[in-house]
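S.K.: Here's my sequence, what's the structure:
(chains A and B)
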Amino acid sequence: MELPMSGVVINPYLLILIGFCVGVLGGFFGVGGSWFVTPALNIFGFPMAFAIGTDLAHIMGKSIIATFRHQKMGNVDIKLGLLMIFGTVFGVELGKEMILSLEKTGLTSPVVRGIYIFVLGSIGSYMVYDYFRFTRFVKPLKGIGQEESLGTALSRWVLKIKIPPMVNLRVSNIPSISVWVIIFIGFATGFFAGFLGGGAGYIRMPALVYVLGVPTTVAVGTDLFEIIFSSGYGAFVYALEGKVDLIAAMIMLVGAAVGAQLGSIATRYIKSMRIRLYFGYSVLLAGVSVVLKQVGDSWAIPLLGNLAGILILALAVYMSVLIIFGLARGMWEEKRYFSHE
Amino acid sequence: MNFPFAWLLPFSYNEVFRIFSLYGGFMLNQMIALLNHWENHSPFLFAMTVIVVMALEGLFLGTVAGYVFKLLGIRVRKINR
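M.R.: Numbering: from 1, shown residues only, chains lettered A, B, ... in the order given. Predicted structure coming up:
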């Protein structure tokens, strides 16, 4: 099928499959998934600008679907999301300005990739470490299900900051928190979004969990709520330049509609700590693919660049299968439990 | 390809398909031509169309998929915190 707007020839079923996989990952992790879709579309023949623009447009539609589903499960803290947007807007602008000034030095690509690798590596390693720390030491002592109420030392310290005005985040189980702290978190994650590109859901979700102490599922839902606005703004900007293939985005959204629902529902059946573990592994492997890409570019080895793309695709498909398997197992166990009662 | 309910129709499946392709294809072509025109001549209108179409499609498909899931017995309950 030839897409009438970008002129790219692609199998529509492949677009639906890409949409489905990113829908599952997005609904489950609360991320946009630009780290997966943009290279995938690029590999399948989309020019880079079209790949980013089309991806952002479809992420917006997918986030609406996933947010509605999470909202029904009580996982979206709208007050928190709206407050964070204030900070995010300024953060994105600052990140963009820094990129523009960095471009004058001609070092944008290696610097951005270096920071990207550091950020992904740090977040991924900490989340994987946190999972094993919890399952080996905390869980045997405190019992199952305590992980959300424990929070982190950082989140407990953050909650002690009493700079008015203070707000009560009922959905996030936070009785009182300074508005400035929320705006600052939005600013910091927005900065990374502007500086590194994409929606930065891979930073926002862990930031909500580890810095603010928000329960994992609420962090996922609230992050998706924010992504509607950030990706919508991005899609609008790219569309102004004519770099969105609306037909491709519409086809991808068909797969994402099913995937996002499955991913969102899976958060009910897969334990919070396991969501963090899967997220940690995904972020770590995404970091490895950026390393491969950087080494391939530095030493002029195109094979490594292709390998990075294939690694990302394989990771997305594997994680989607793992999440759907977890969902199916959880539903089967629940059915068996109720049939025994 | 056989249309399973062809016997219900006063005309053959090929005719149905032809009518759909003719009018459906015509409408689709017109829509794409309009989008291409906006893309080149009115970027703001094109950008607004992208946002509105994505939002409406998201809401529509989300509702349909949610309904299908409900029919399949996949229930979503609110989590009490």
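S.K.: which residues does residue 66 contact?
M.R.: Answering for chain A, as no chain was given. For A:Ala66, the contact set (Cβ atoms under 8 Å, 6 or more residues apart in numbering or on different chains) comprises A:Gly23, A:Gly26, A:Gly27, A:Gly30, A:Leu224, A:Ala260, A:Gln261, A:Gly263, A:Ser264. (Glycine included, C-beta is placed from N, CA and C.)
S.K.: To clarify, I was referring to chain B.
M.R.: A:Phe68, A:Arg69, A:Gln261.
S.K.: Just say helix, strand or coil for the last one.
M.R.: Meaning A:Gln261. With DSSP: H, G, I helix; E, B strand; the rest coil as the basis, A:Gln261 sits in helix.
S.K.: correct me, but it touches B:Phe69?
M.R.: Yes. Assessed by Cβ atoms under 8 Å, A:Gln261 is found in contact with B:Phe69 at 6.0 Å.
S.K.: Show me the domain layout of chain B.
M.R.: Using automatic domain parsing, the domain parsing of chain B gives B:1-41, B:43-81.
S.K.: ranking these by mean pLDDT, which is last?
M.R.: Note on those: lowest mean pLDDT is at domain B:1-41, with a mean of 64.
S.K.: where's A:Leu304 relative to A:Gly296, distance?
M.R.: 3 Å (Cβ to Cβ, to the nearest Å).
S.K.: and what of A:Tyr210?
M.R.: 32 Å.
S.K.: Neighbour count: those two, which is higher?
M.R.: Each of A:Tyr210 and A:Gly296 has its neighbours counted (other Cβ atoms under 10 Å in any protein chain shown); A:Tyr210 has more, 21 against 17.
S.K.: so the more buried one sits right up against A:Trp157, yeah?
M.R.: No. A:Tyr210 is not in contact with A:Trp157 according to Cβ under 8 Å; the separation is 11.5 Å.
S.K.: Could you pull out the residues contacting both of those two?
M.R.: Residues touching both A:Tyr210 and A:Trp157 (Cβ under 8 Å, 6+ apart): there are none.
S.K.: any idea how far chain A is from B:Asn29?
M.R.: 9 Å (Cβ to the nearest Cβ, to the nearest Å).
S.K.: secondary structure element for that residue?
M.R.: Using DSSP states H and E, B:Asn29 falls within helix B:13-41.
S.K.: again with A:Ile177
M.R.: Using DSSP H and E, A:Ile177 sits in strand A:174-178.
S.K.: quick check, distance from that strand to the centre of its chain.
M.R.: From the chain centre to the centre of strand A:174-178 is a distance of 25 Å (Cα atoms, centre = their mean, to the nearest Å).
S.K.: hmm, stretch A:8-28 in reach of chain B?
M.R.: No. Using Cβ under 8 Å from any Cβ of the partner chain, stretch A:8-28 never reaches chain B; the gap is at least 9.8 Å.
S.K.: Repeat that for stretch A:229-242.
M.R.: Yes. Applying Cβ under 8 Å from any Cβ, one finds stretch A:229-242 touching chain B at A:Gly232, A:Ala235, A:Phe236, A:Val237, A:Ala239, A:Leu240, A:Glu241, A:Gly242.
S.K.: If any of those residues are buried, give me the PyMOL selection for them.
M.R.: Those of these that count as buried under 16 or more other Cβ atoms under 10 Å in any protein chain shown are selected in PyMOL with:
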select buried, chain A and resi 232+235+236+239+240+242
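S.K.: Just put the residues of stretch A:229-242 next to chain B in TSV and tack on secondary structure.
M.R.: TSV is the format used below for the residues of stretch A:229-242 next to chain B (three-state DSSP):
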residue	secondary structure
A:Gly232	helix
A:Ala235	helix
A:Phe236	helix
A:Val237	helix
A:Ala239	helix
A:Leu240	helix
A:Glu241	coil
A:Gly242	coil
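S.K.: Which helix or which strand is home to A:Leu100?
M.R.: Per DSSP H and E: helix A:78-103 holds A:Leu100.
S.K.: let me redo that: A:Ala308
M.R.: Per DSSP H and E: helix A:302-340 holds A:Ala308.
S.K.: What is that helix packed up against?
M.R.: Where contact means 3 or more Cβ pairs under 8 Å, 6 or more residues apart in numbering or on different chains; DSSP states H and E, helix A:302-340 is packed against helix A:12-29, helix A:34-43, helix A:246-269, helix A:272-298.
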